[in-house]
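Asker: Sequence and predicted structure are below.
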Amino acid sequence: MSSLAPPEYGWWKPFPRDEKVWLTIILIAAVVLSAITIGWALVGKQNVPAASYKVTPAEFEKQVADFTARYQVPGSAGEVRVPPGQDAYMMASMWTFSPTLRLTAGQAYTIWISAKDVLHGFSIADQNLNVMAAPGHAYGVRITPDKPGSYLVVCNEYCGVGHQAMTGKIIVE
């Protein structure tokens, strides 16, 4: 028989023992991994505690403007001191996040984020927080900052020519 000859017919023949063993191992692994995946999705702590609602970019921009006017730090340009327990609002737009938020350590906040123009990512550097900011949707992320400091907010979804410089800031006091 040459190497170019077609394989012998035999699909109706029973599997050899070694093939049965490997097929059994693969099926058991598939069942176990599927169960782990479903279990982790239901009880794991990997999901971001978030809520969302539909809103037009103009409506959300007005919410951010009202929020900024109400809590703006006197003499600052776009810096807001958020009272403990209050919701904070942040707008992502090419190529910035605004306003800068000042939060109190140990207090719980919901940061609402939306995009004015295109899809943006919202990620707090060195923290396990990552959500998408999409036009037409507001996403509320529940956080309780525990360590004072200045935290960089970065866009991790390519949003255009100035993407690499798109940052914002959250200051925890």
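Answerer: Happy to help now that I have it. Residues are numbered from 1 along each chain as shown.

Asker: which stretches of the protein have low pLDDT?
Answerer: Along the chain, the parts satisfying pLDDT under 70 run over 1-2, 11, 46-49.

Asker: Can you report phi and psi for the residue positioned nearest the centre of it?
Answerer: With distances taken as CA atoms, centre = their mean, the residue of the chain nearest its centroid is Val131 (2.2 Å). Backbone geometry at Val131, expressed as degrees, to the nearest 10, gives phi -130, psi 160.

Asker: Over to the one 10 residues further on?
Answerer: Taking degrees, to the nearest 10, you get phi -110, psi 120 for the backbone angles of Val141.

Asker: do Asp66 as well
Answerer: For Asp66, the backbone dihedrals are phi -60, psi -40 (criterion: degrees, to the nearest 10).

Asker: Could you count how many residues lie near it?
Answerer: Neighbouring residues of Asp66 were enumerated by other CB atoms under 10 Å; the total is 11. Where C-beta positions appear, they are placed from N, C-alpha and C, glycine not excepted.

Asker: Over to the one 4 residues further on?
Answerer: Under the neighbour criterion other CB under 10 Å, Arg70 is assigned a count of 10.

Asker: what's the answer for Gly168, then?
Answerer: Burial of Gly168 is recorded as 22 neighbouring residues (other CB under 10 Å).

Asker: which parts of the strand or helix carrying it are buried?
Answerer: Using DSSP states H and E, Gly168 sits within strand 167-172. By neighbour count, with 16 or more other CB atoms under 10 Å as the criterion, the buried positions of strand 167-172 are 168-172.
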